[in-house]
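K.L.:
Build me a model from this:
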Amino acid sequence: MTSTVSTPETPAQLIRQTLRHERRNLLFRRISGNQLLVSGGVIFAFMLLAALVVPIFLGQDPYSVDPANRLQAPGGVHILGTDTFGRDLLSRILAGGRSSLLIGCLVAVFSSVLGLVLGLYSAFYRRTGAVLMRIVDGLMAFPAILLAIAIMAALGAKTSNVIIALTVVFTPHVARVVRAAALVIKNQTYVEALNALGAGPTRILWLNVVPNLMSPLVVQGTFIFADSLIIEAALSFVGAGVPAPAPSWGNILYEGKTVIYNGWWMTVFPGLAIMLTVLSINLLGDGLRDLLDPRQVVAR
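P.N.:
Reported below is the predicted structural model:
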């Protein structure tokens, strides 16, 4: 039987462990002291869990039609009432929440990745940047909702086309933010030193510049998430978004506008869902901006 003897830790190891422990404590204090981040995270987690978990226990089919109980007021079996076809409104809102959140998340990811590539290369390559930025300026000249409607009119009403349209709308905004930050980093001393040492442009861009761009990119991505929820709801409201009978917060509002006096719950409850979700994401974005700002100091 062999026995293992633990070797004593060296002073350098103890110092590294102490530094890691202090960094974790500092990060925890900064997160817990950031009221915007905490409140936004709590509200968003509630909305996300409601959309993913509650339908499992609700036992209502969002597509089940019951004309005999159409426009039933909130209460009883149908907690938030029914719509114009007798479908349970709560299950429709939760199913629409899954659809809207998925679209918003994918749009934020795709536009962030494309905007990162466009902004990065336009900052470091002058001729390429001149062409890319003129394209970006042309896209940004159109109001976001009008550009999205035009793209949807060309592609057709489909969930995947909504993601494509909103990605085209928001990518120029990310490219502008990334380009502005990359132009500042381009003139830093360490970039000049890497060039002098013979480092390749790909290595400099993706291993040294991109990590320093993650802070503004993440913050911009959260705001795009919130804006894409609003524009997706607007597209669905005018009939150019998620096609019926698939539920989304926008087309639920569209169905409720014709019966707003007899079925007020069809506009109030999905409107509240949009408001709370967008509010939580904006709070998260503001909180992340404060958290990732190196100039922020936690006073304890």
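
K.L.:
For the stretch 201-300 of the chain, give me the ranges with low pLDDT.
P.N.:
293-300 (pLDDT under 70).

K.L.:
What segments of it are helices?
P.N.:
201-203, 210-237, 249-256, 265-292 (DSSP state H, counting those that start in this stretch).

K.L.:
list the buried ones in the lengthiest helix in the chain?
P.N.:
Counting residues, the longest helix in the chain under DSSP state H turns out to be helix 89-124. Under the neighbour-count criterion of 16 or more other Cβ atoms under 10 Å, helix 89-124 has 89-101, 103-104, 106-108, 110-112, 114-124 buried. Backbone N, C-alpha and C define where each C-beta goes, glycine included.

K.L.:
Against which helices or strands is the helix or strand harbouring residue 20 packed?
P.N.:
Using DSSP states H and E, residue 20 maps to helix 11-32. For helix 11-32, the packing partners by 3 or more Cβ pairs under 8 Å, 6 or more residues apart in numbering; DSSP states H and E come out as helix 35-52.

K.L.:
gap between whatever helix or strand comes next after the helix it packs on and the chain center?
P.N.:
Next along the chain after helix 35-52, taking DSSP H and E as the criterion, comes helix 54-58. Helix 54-58 has its C-alpha centroid displaced from the chain centroid by 24 Å (Cα atoms, centre = their mean, to the nearest Å).

K.L.:
what does stretch 87-104 give?
P.N.:
The mean C-alpha position of stretch 87-104 is separated from the chain mean by 16 Å, Cα atoms, centre = their mean.

K.L.:
closest to residue 144 out of the helices of the stretch 201-300 of the chain?
P.N.:
Within these, the stretch nearest residue 144 is helix 210-237; the backing value is 6.0 Å (Cβ to Cβ).

K.L.:
which parts of that closest one are buried?
P.N.:
Taking 16+ other Cβ under 10 Å as the criterion, helix 210-237 shows 210, 213, 215-237 as buried.

K.L.:
got it, and stretch 172-184?
P.N.:
172-179, 181-182.

K.L.:
any idea how far it is from the chain center?
P.N.:
The chain centroid and the centroid of stretch 172-184 are separated by 18 Å under Cα atoms, centre = their mean.

K.L.:
List of residues touching it?
P.N.:
Outside stretch 172-184, the residues within contact range by Cβ atoms under 8 Å, 6 or more residues apart in numbering are 111-112, 114-116, 118-120, 122-124, 129, 132-133, 136-137, 139-140, 209, 212-213, 216-217, 220-221, 224.

K.L.:
what's the answer for stretch 285-293, then?
P.N.:
Contacts of stretch 285-293 (Cβ under 8 Å, 6+ apart): 30-31, 34-38, 40-41, 215, 218-219, 222-223, 226, 296.

K.L.:
sorry, back to before: angle of the helix holding residue 20 against helix 35-52?
P.N.:
If you take axes from the mean of the first three to the mean of the last three Cα atoms, to 10 degrees, helix 11-32 sits at 80 degrees to helix 35-52.
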